[in-house]
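Asker: build me a model from this:
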Amino acid sequence: MPVRTRDWLKFGTLVAIAFVFGLAFASTLNLPKKSGAAETVLMPSPEAAAPLAAPGLKAASDWSDAFVAVAEHVKPAVVFIRSQHVERGDNQRLPPGFQDFFPNLRRRPQVEQGSGSGFIVSADGFILTNNHVVAGADKVTVRLYDKREFIAKVVGTDPNTDVAVIKIEARGLPTVGFGNSDSTRVGEWALAIGNPLGEAFAFTVTAGIVSAKGRLLAGLQQTRYSIQDFIQTDAAINPGNSGGPLVNIRGQVVGINSAIASETGFYAGYGFAIPINLARTVMDQLVKTGHVERAVMGVSIHDARQEDADAVGLKQISGVVVDSYTSDDSPAKKAGIQPGDVIIAVDGQPVDNTPQLQQRVAFKKPGETVEVTVLRQGGDKKTVTVRLARAPGEADSEVASVSSKSKGDASSKEEMLGISVEPLTQDDARDVRLRSVLERGGGLVVTDVSPDGPAFQRLSSSDDPGGPDIIIAVNGVPTRTRAAFREALRKVKPGDVVTLQVLSRSPDATDGWAGRIVRIRAR
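Answerer: All right, here's what the predicted structure looks like:
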């Protein structure tokens with residue numbers, strides 16, 4: 001049907017009105033003027049960036065310049081780390097009498113090598129990295145961006161947060177600046193810098209966004225006091241990136257790249273970084289004392305669920321539920337906190353989840369107090385004062401027998417070797433396999449060996465099919481009790497070699513136990 005002239009006039013009028021309305025709307029957007037990269041990156045303030053107005057309309061060249069500026073600023077402070085662990089074998093088993101002819105025949109030492117990343121935090125050579133990059137290493141080599149190489153000293157490690165500090169002897173080194181990981185927002189740009197897949201891809205820069213915060217990774221090896229609060233990013237992270245920095249668009253470090261979620265072991269879209277605020281707290285203690293001292297409230301906990309929120313009258317699902325006490329002398333129990341209480345604040349600061357509570361408490365000093373606000377069944381709100389205790393792993397407590405062992409309950413001296421031990425008692429005489437050891441004078445049963453500790457694959461624990469090793473002397477001093485064990489290690493410093501006299505199960509021995517010497521470098 002032919003279109004009439006009157007219809008065309010009506011259509012043209014509508015188009016004109018729409019065009020005028022569009023111009024009026026566009027004038028209200030107040031679009032930003034183009035600015036150089038120097039105005040948006042490397043700002044000295046650690047505070048979070050102000051949100052960009054209409055970021056989708058910013059010129060692509062500006063973002064490119066910003067990434068270039070960040071990479072050029074941060075890369076000189078990133079390092080390539082090689083770790084070396086030497087497994088020295090005992091004499092080869094030879095037929096009787098042959099040892100006299102081949103006294104020097106030994107297995108060739110097995111050398112395990114790994115690599116990772118790190119970043120320089122002080123001009124005099126302190127470097128932050130992951131615990132799993134350097135744990136148990138006999139030798140740590142650091143290569144700088146300018147290709148110089150140094151042998152590094154391990155200052156301290158913390159398996160609970162996977163943070164380590166190493167140091168090289170150098171001066172005037174380039175350093176990174178720290179951001180504020182607490183104010184980092186989901187959706188912000190993030191760059192990962194490191195050495196993925198070894199030397200061939202050293203000092204690689206990848207870009208993405210912060211895609212989530214407060215992530216827990218169930219598949220990771222955890223200890224009793226592990227703290228997980230990962231920043232998730234889609235900036236590509238691969239093996240070898242571990243220990244490298246995750247930086248924001250200002251070139252400030254907001255995290256330490258630490259893990260990936262992948263079924264193949266390689267990048268599959270998700271990487272995870274330790275928040276720098278947490279890492280800095282650990283770093284400060286490691287640099288000052290060589291170890292991390294933690295405080296505890298003495299409770300078992302879990303994140304609040306819908307039922308918990310309903311029970312205490314919370315409109316939103318948040319907070320941490322107290323399941324039970326960890327001991328009869330729990331600080332929380334003494335303060336009046338009850339199982340079922342939902343912890344919603346510490347020292348007036350809201351607590352939404354378990355990692356937040358752990359960080360608010362763990363890095364206080366034992367003996368300090370915190371104000372804990374809880375909600376009870378029916379909505380009753382209380383604030384109590386809790387005097388924190390030292391984490392049990394650092395307490396000088398004795399455990400009655402091997403049968404009541406508690407993994408991870410190791411003293412700070414045992415942590416130097418990455419093991420847990422328990423003394424043999426008369427109750428263990430009921431076990432025929434242990435009776436002969438008690439007749440020899442007893443010893444300390446190795447109940448647990450940390451997989452990232454220096455004793456890993458050197459000592460056997462209670463979980464090993466062949467049975468546990470039993471330590472009877474340290475550096476030539478008999479150690480039948482944990483007190484004697486700690487005293488023997490009192491003068492040992494990180495990096496020193498500790499000589500252990502050990503009894504191991506052996507079918508060739510008359511009473512089933514054979515002595516051997518195990519030397520371990522303390523961490």
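
Asker: going by C-alpha atoms from here, please, whenever you check contacts or count neighbours.
Answerer: Will do.

Asker: what about the chain, any weak spots by pLDDT?
Answerer: Residues of the chain that meet the criterion pLDDT under 70 lie in 1-61, 86-111, 200, 217-226, 261-268, 392-413, 425-433, 435, 439-440, 507-511.

Asker: swap in 50 and give it another go.
Answerer: Counting by pLDDT under 50, the chain contains low-confidence ranges at 1-5, 8-9, 11, 15, 17-57, 90-102, 104-108, 219, 221, 394-410.

Asker: where do the helices sit along it?
Answerer: 5-26, 60-74, 131-134, 276-289, 306-312, 331-335, 354-362, 412-417, 432-440, 482-488 (DSSP state H).

Asker: residue boundaries of the strands in the stretch 401-523 of the chain?
Answerer: Taking DSSP state E, counting those that start in this stretch to define them, one finds strands in the stretch 401-523 of the chain at 419-423, 444-449, 470-474, 477-478, 497-505, 513-521.

Asker: nearest to V79, out of these?
Answerer: strand 513-521 (24.2 Å; Cα to Cα).

Asker: OK, contacts around the closest residue in space to V142 that isn't next to it in sequence?
Answerer: Excluding the flanking residues, the one nearest V142 by Cα to Cα, 6 or more residues apart in numbering is I81, at 4.7 Å. Contacts here follow Cα atoms under 8 Å, 6 or more residues apart in numbering; on that basis I81 touches 115-118, 133, 140-143.

Asker: go on, L375?
Answerer: L375 neighbours (Cα under 8 Å, 6+ apart): 312, 341-344, 381-382.

Asker: now the buried members of these.
Answerer: The neighbour count (16 or more other Cα atoms under 10 Å) marks 312, 341-344 as buried among the contacts of L375.

Asker: which strand residues bridge V384?
Answerer: V372 (DSSP bridges).

Asker: now do F230
Answerer: Legend: beta-bridge partners of F230 under DSSP bridges are R215.

Asker: neighbours around it, how many?
Answerer: Using other Cα atoms under 10 Å, F230 is surrounded by 23 other residues.

Asker: T129 now?
Answerer: Counted with other Cα under 10 Å, residues neighbouring T129 total 29.

Asker: show me what contacts the spatially closest residue to A192 that is not a sequence neighbour?
Answerer: Closest residue to A192 apart from its sequence neighbours, by Cα to Cα, 6+ apart: L246 at 4.6 Å. By Cα under 8 Å, 6+ apart, L246 lies in contact with 190-193, 253-257, 273.

Asker: rerun that using 6 Å as the cut-off
Answerer: 191-192, 253-256 (Cα atoms under 6 Å, 6 or more residues apart in numbering).

Asker: then V386?
Answerer: With Cα under 6 Å, 6+ apart, V386 has these contacts: 335, 369-370.

Asker: and if you look at Q285?
Answerer: Counting by Cα under 6 Å, 6+ apart, Q285 has contacts V292.

Asker: returning to that earlier point: out of the contacts of L246, which is nearest to V155?
Answerer: Distance to V155 across the contacts of L246 (Cα to Cα) is lowest for I256, with 17.5 Å.

Asker: for that closest one, give the beta-bridge partners.
Answerer: Under the criterion used (DSSP bridges), I256 bridges to P245, I274.

Asker: which one is V165 nearest to, not counting chain neighbours?
Answerer: Once flanking residues are discounted, V165 sits nearest to L128: 4.9 Å by Cα to Cα, 6+ apart.

Asker: state the distance from the one you found to I260.
Answerer: According to Cα to Cα, to the nearest Å, L128 stands 19 Å off from I260.

Asker: before we move on, what about D464?
Answerer: According to Cα to Cα, D464 and I260 sit 29 Å apart.

Asker: which of these two has more neighbours?
Answerer: Taking neighbours as other Cα under 10 Å, D464 and I260 compare with I260 leading, 25 against 13.

Asker: ok, that one touching G271?
Answerer: Yes: the pair I260 and G271 passes the contact test of Cα atoms under 6 Å, sitting 4.4 Å apart.

Asker: hey, what's G114 bridged with?
Answerer: Applying DSSP bridges, one finds that G114 bridges with S83.

Asker: could you measure from the closest residue to L216 other than its chain neighbours over to T161?
Answerer: Distances taken as Cα to Cα, 6+ apart place Q228 nearest to L216, at 5.6 Å, with adjacent residues excluded. In this view, Q228 and T161 are 7 Å apart by Cα to Cα.

Asker: more neighbours, those two?
Answerer: With neighbours defined as other Cα under 10 Å, Q228 and T161 compare such that Q228 has more, 25 against 20.

Asker: for the more buried one, what are phi and psi?
Answerer: phi -120, psi 120 (degrees, to the nearest 10).

Asker: list the contacts for the residue nearest to V165?
Answerer: By Cα under 6 Å, 6+ apart, the contact set of L128 is 118-119, 165.

Asker: and of those, the nearest to A295?
Answerer: Distances from A295 to these, taken by Cα to Cα, are shortest for V165, at 21.2 Å.

Asker: tell me how many other residues crowd the closest one.
Answerer: V165 has 28 nearby residues by other Cα under 10 Å.

Asker: what's the answer for the one 5 residues further on, then?
Answerer: Residues near A170, counting by other Cα under 10 Å, number 11.

Asker: what's the spacing between it and F150?
Answerer: 9 Å.
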